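J.: Turn this into a model:
(3 chains)
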Amino acid sequence: MSDATDTGPVLAADGRPLKRSLQRALRAEKLRALALIAPLLIFILVTFIAPIADMLFRSVENEIVSDTLPRTTLALDGWDHKSGQIPSEDVFAAFTYDLVAAAERKQHTRLGTRLNYEMTGISSLFRKTGRRVDDFGELYMDQFVDLDPAWVEPATWVTLFADPAWISSFEDWQAGDRKDATRPQPLFVASDTLGTILPETTDSYTEFARVAQTVNADSPLEETPWAPVYEALYRDLSRADSAAIAALEGPARTLLAPAQAAVAGFRTETLSDLYIDVDKDWGDPEVWATIQAFTPKYTAGYFLNAVDLQQTADGIAVQPEDQRIYFLLFKRTMFMSMMIMGSCVLLGYPIAYLLSNLSLRASNLLLILVLLPFWASLLVRTSAWKVLLQQQGVINDVLVWLGLVDDGHRLVMINNQFGTIVAMTHILLPFMILPLYSVMKTIPHTYVRAAKSLGATNWTAFWRVYFPQSVPGIGAGCILVFILSIGYYITPELVGGTTGTFISNRIAYHISSSLNWGLAAALGAILLAVVLILYWAYDRLVGIDNVSLG
Amino acid sequence: MKLKNILLTTGAALIAAPMAFAQDMADSMTLVSWGGAYQKSQIDAYSDPYKAMHEGLEVVWDESSNEAVAKLRAMNEAGNITWDLVDVVASDAIRLCDEGLAMEYDPDELLAPAPDGTPASEDFGDLIVSDCFIPQIVYSTTFGYRTDLVGDTPPSTVCDVFDLEKYPGKRSLEKRPINNMEWALYCDGVAKDEIYDVLETEEGQARAFAKLDTIKDDVIWWSAGADTPQLLADGEVVMGSTYNGRLFSLIEEQKQPVAMLWDMQVFDLDGWIIPTGLSDERLARVKDFVYYATDTQRLADQAKYISYGPARASSAPLVGKHAELGIEMGPHMPTDPANAKNTLLYNYEWWADYRDDLDAKFQSWLAQ
Amino acid sequence: MSQMDLPPYATTGQRIWHYSFLVICGLIFFFLIAPILVIIPLSFNAENFFTFTPGMLAFDPEAYSLKHYKDFFTNPDWQQALVNSVRIAPVATIISVSLGTLAAIGLSQDHVPFRRAIMAILISPMIVPLIISAAGMYFFYSRIGLQGTYIGVVLAHAALGIPFVIITVTATLVGFDRSLTRAAANMGADPMTTFFRVQMPLILPGVISGGLFAFITSFDEVVVVLFVGSAKQQTLPWQMFTGLREQISPTILAVATILVVISIGLLTTVEVLRRRSERLRGMSPG
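T.: Numbering: from 1, shown residues only, chains lettered A, B, ... in the order given. Model (predicted):
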């Protein structure tokens, strides 16, 4: 149609150079294709890929330790777990401030559960100690109050430590309707003045005031601080520069100066003794080493656990032998998936061959038989296998009746690997037959006939001519069956017993029972990686487009 | 303002019934339970009568108690609590309470006193094992055996489970270390009150596994409550552990040739928890329902439908006959003195610590 | 013309082999349908267990009953589960089919950038182990407020059904003669008309087949709905699952029998449609 008779670039009908016109057309075609794909792509990314990514992120995420114990995390930095000593009083103090706030927020047992995955006993250690920790420092509290009753007054603390700007906004808030949920309390802000002189007290009092406000909806003006704040005050005052305190003005000086003078004469106690009194395990450096090992925000710990290793303070170690299970389970999942794949080939190949060699009408009828179980509920098929395979089940009954098996020695065919393999072969067989069938349909019979007419025996004709052409179908079916079976969960759960369960069952257990979601995510990530490698191989070997489902 | 608050609180305490909030209660609630016969007993004994009293109330049942802790945790992470009242076993209630996922409550304020005026805290007594746990029933995990497969001398102690010579055949045990480890040690000669001390040590654990090893090849491990009854009905196992209510239904309702072995039954509790973070209207509705559903008569009524013991002392004398079968329920209760001669109480605290560890060992042992 | 007929000149060995091959195939077919053969009689069991009672084996009419069917049709839980399944599966199927067909057409164009990667993403719901999908959706949907909602379950099931639509429709498009759309365009049809009047009728078997797979994926799916759904979305498989776990009742088998009968009906429909489309295709060039 173009008038490309002249010299110069070939032009399209509209007068543009043909090359550019073609490029434009190509770009438009690309865009149109993408526009068609985009809705689904976005749909899958949002409803499917994002959840998976979110889930897998849990396998490395470990913010709970540093979020719950921020001060301890910092303080433990300087402690060497190899020293064989428990950490210093400073660490115990930091831990006390963290723990008392965590206990009030009910986060300490969650942390205890997390650390219990790494070291048995930490869960109860945290729970027990959480109940007692708000008494730690009571000795000092009593002595401060004996010294000056003002120390028990909430107002004293607010006057000393609050930022004046916060006080005025707090007063505004108090003047209004306190029950109005849209007007939250302004969160406590500490003044800078004492922050430098009494850092621990300021910090722990701020924590206290905020917990009172947010967790219990109390006003700091009405609540006496918990005992650990007095512990902090004692520790600060014993170290504070007396000149700085003398330089203070107003109530700060009148309260703090005599207090500082008095602390030297206070009866004292060591925090570590208090802890060891609650539970002797606090004297075990191993406990502290575990906490220290898991302070980073991200951890490889879950992945290590997922391959029967563990992270200890001294680096990576192998799990004790009686707790190793995941490697075995991965191996078993692989082995059983191979067995299932193999049985599917053995059973599927003749059927596909038969189907592809029958007339269309007959083969389509038989195809209904292949698809029928595929459409009956998975759960029901699995239960049916139970009824068939169990010791008092149909198959054993028939065998006993036929006299093939002695009544006292009925075969054990379920609650073991055999049961899982049989039931899953049955469930996945259509996934083998369909791709095989679609490949075999396209193999021309003329080749086999040609081979035979050239003198090949039936077997040679099949093995040398027909079979090689059906290999792509076998490959497609195998990888499909293998990928599907490796992630199976319901069937092994119902018929697998102890030796026939898959890694998926363990993942489900960690998600819904033990609540070790990090480990579940790590196991899932490994499983997913295996599947993706297989998928990649599949795409390379066969091409995902060449799968056809009937 | 303060005075007004004080007046309001004391006023509410004086009325002592949540009726004070009647005007703004939600008209729908989602209750979470276990499904099956147990949930049906709850529907018959308290939810249907309560619905009859409150027209227009919608009650949705969710059969997710099995995954309650996981789901509540996820709901809490997402900040969207869709459940109003959750039925859980005591150990889960403790976990939920520890994590702040269940609401702490005051028994004498939330729960009705006994008809004679005994406050709820005394009526329930020690069974309130956690500040969040509202007990409903006492159940037990115990054994049932096929009467036609055990010969002339039926098993009389739990240790017969470990005796393959006297009672050949398969047995079913739950696929978790809890209970099985205790039974194994007990039958290995450990005194009852020393079981947990022994189990704490590596040697003790090895000893329990060694005892379990002697029957390992003849055990079918169950994980769902319906498994053992089905296995017993099929004759697949000679004896098996399960919840006593399942065995009652198997024996009395389904008329299967099965009998109870009460020796060393393990007591456990089941009850409600109220999730934290409910809106005022929903909370008011739940409180009103719980007040009704846990009173003396209602708990006694529940025993008409299922053989679990009511958690209130004052309900025990009111336990009557089965609603359909017309048999006395008293002798079928795990707490009946004839049944409770030799029992074990599930040690919640201990298992909270050792669960992860022993579970890993148990699974590894199973897999070998 | 079947290739399976024995030629008249077959030797004895060939005959033996031929018949034993047919016997082997018969046994495999028996293996395939054996569970269904077990389910159907057990669903008429008069007792509440999955057991062939002596009475049943003796064909005692007393041992058989329709009570489990009655239970299914009268029990509000089962009826609600049926309603939920019927509300969820078709909507999920419509989403998978409409988005999936469009995308498959897009993917079948000649020049699609990142084709492999896109394909991998679209197929992923089929290859990612179900338990991982379920857990991931559970956490993520909780966070965005979709957990326990009707929409959440529908979206999750739609995602799971998509790979089947993509695979089947892409497979039909491979054999699709592109000159037909060009011809239609040439004769002045706009893209919409071309799509609905020319392309759609020809790829319809693939679309229907994919749609049926997507439908059954949702209709038979239990793991994801267990996690993503709540009591108000309890579907038939979920009800079966709790039935199996908490209280075994042959009502499950009655439901399965009904489903098998329905699926035979559906499969027959597909077969009729396929024959019709084969005729249509027979008319198409190439």
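
J.: And the residue of the stretch 1-150 of chain B closest to chain A?
T.: B:Gly100 (3.0 Å; CB to the nearest CB). Placement of C-beta: from N, CA and C, glycine included.

J.: quick one: least confident helix or strand in the chain?
T.: Since you didn't name a chain, this refers to chain A. helix A:360-375 (a mean of 82; mean pLDDT, DSSP states H and E).

J.: Look up phi and psi at the closest residue in space to the residue of the stretch 1-150 of chain B closest to chain A that isn't next to it in sequence.
T.: Spatially, and ignoring its direct neighbours in sequence, B:Gly100 is nearest to A:Lys106 (3.0 Å; CB to CB, 6 or more residues apart in numbering or on different chains). Backbone torsions for A:Lys106, taken as degrees, to the nearest 10, come to phi 60, psi 40.

J.: what number of residues lie near A:Lys106?
T.: A:Lys106: 18 surrounding residues under other CB atoms under 10 Å in any protein chain shown.

J.: Who are the contact partners of it?
T.: Counting by CB atoms under 8 Å, 6 or more residues apart in numbering or on different chains, A:Lys106 makes contact with B:Asp98, B:Glu99, B:Gly100.

J.: As a markdown table, those with distance to A:Thr270, secondary structure and neighbour count would be great.
T.: Below are these laid out as a markdown table (distance: CB to CB, whole Å; DSSP: H, G, I helix; E, B strand; the rest coil; neighbours: other CB atoms under 10 Å in any protein chain shown):
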| residue | distance to A:Thr270 | secondary structure | neighbour count |
| --- | --- | --- | --- |
| B:Asp98 | 28 | helix | 22 |
| B:Glu99 | 31 | coil | 21 |
| B:Gly100 | 31 | coil | 19 |
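
J.: residue contacts, A:Phe374?
T.: A:Pro430, C:Ile216.

J.: Leaving aside the residues adjacent along the chain, what's closest to the residue of the stretch 151-300 of chain A found nearest chain C?
T.: The stretch 151-300 of chain A approaches chain C most closely through A:Tyr298 (18.0 Å), counting by CB to the nearest CB. Excluding the flanking residues, the one nearest A:Tyr298 by CB to CB, 6+ apart is A:Val60, at 4.8 Å.

J.: Distance-wise, check B:Trp272 relative to A:Lys106.
T.: 19 Å (CB to CB, to the nearest Å).

J.: And for the residue nearest to A:Tyr298, the neighbour number?
T.: Neighbours of A:Val60 (other CB under 10 Å): 17.

J.: And the one 10 residues further on, by the same measure?
T.: Applying other CB under 10 Å, we find 16 other residues in the vicinity of A:Pro70.

J.: surely it meets A:Asp98?
T.: Yes: with contact defined as CB atoms under 8 Å, A:Pro70 counts as touching A:Asp98 (6.7 Å).

J.: How about the residues of the stretch 151-286 of chain C by chain A?
T.: For the stretch 151-286 of chain C, the residues in contact with chain A (CB under 8 Å from any CB of the partner chain) are C:155-156, C:158-159, C:162, C:164, C:167-168, C:170-171, C:174, C:209-210, C:213, C:216, C:220, C:222-223, C:236-237, C:240-241, C:244, C:252-253, C:255-256, C:259-260, C:263-264, C:266-268, C:271, C:274-275, C:278.

J.: thinking again about what came up before, quick check: next helix or strand after the least confident helix or strand of chain A?
T.: helix A:378-389 (DSSP states H and E).

J.: Show me the contact partners of that following helix.
T.: Against helix A:378-389 from outside (CB under 8 Å, 6+ apart): A:373, A:393-395, A:413-414, A:419, A:422-423, A:426-427, A:490-491, A:494-495, C:34-36, C:38-39, C:42, C:50-52, C:220, C:222, C:237, C:240-241, C:244, C:252-253, C:255-256, C:259.

J.: nearest residue to the residue of chain A found nearest chain C other than its sequence neighbours?
T.: Nearest residue of chain A to chain C: A:Gly487, at 2.4 Å (CB to the nearest CB). Using CB to CB, 6+ apart and skipping residues adjacent in sequence, the residue nearest A:Gly487 is C:Pro129, 2.4 Å away.

J.: okay, the one you found: pLDDT?
T.: We have a pLDDT of 87 for C:Pro129.

J.: so what's it up against?
T.: A:Ile486, A:Gly487, A:Tyr488, A:Tyr489, A:Ser504, A:Gly524, A:Leu527, A:Leu528, A:Val531.
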